[in-house]
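# Requesting a structural model of the entry that follows:
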Amino acid sequence: MKDDRVREALVRRALGYETDEVVEEYGFTEGEAVLLKRKVTKKSVPPDIQAAKMLMDGQMPLTEMSDEMLEEERQRLLKELQEVESEH
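Below you'll find the model as predicted:
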């Protein structure tokens, strides 16, 4: 389970992603914090080649895979691409 989360994070980093960056400014009124300003900025994180390299280093070389293993890997990659495309 933990390995899956690490792999998912590496895939996300390797492909690049968009995120919201939130900056909030507070003031105090009668001893209570009150939100004065909230700025939300879309931030685009570019693909990271090091993350892609880490993903590839952990895989068995394609030349050593059987036909069945290659087909499984193909199906896994297609599924992963579909998931990434559906997020955008």
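# Low-confidence stretches in this protein?
Within the chain, the stretches with pLDDT under 70 are 1-3, 58-62, 88.
# Grab the most central residue of it for me.
Central residue of the chain (C-alpha atoms, centre = their mean): Arg12, 2.2 Å from the mean position.
# can you give me the strands in this structure?
Secondary structure of the chain by DSSP state E: the strands cover 17-29, 32-45.
# Partner strands of the last one, with direction?
On the basis of DSSP bridges, the sheet neighbours of strand 32-45 come out as strand 17-29 (antiparallel).
# List the contacts of the strand it pairs with.
The contact list for strand 17-29, computed with C-beta atoms under 8 Å, 6 or more residues apart in numbering, reads 33-45. Placement of C-beta: from N, CA and C, glycine included.
# Now for the nearest residue to Arg7 once chain neighbours are set aside: which residues touch it?
Of all residues not flanking Arg7 in the chain, Leu55 sits nearest, at 7.4 Å (C-beta to C-beta, 6 or more residues apart in numbering). By C-beta under 8 Å, 6+ apart, Leu55 lies in contact with Arg7, Leu10, Val11, Ala14.
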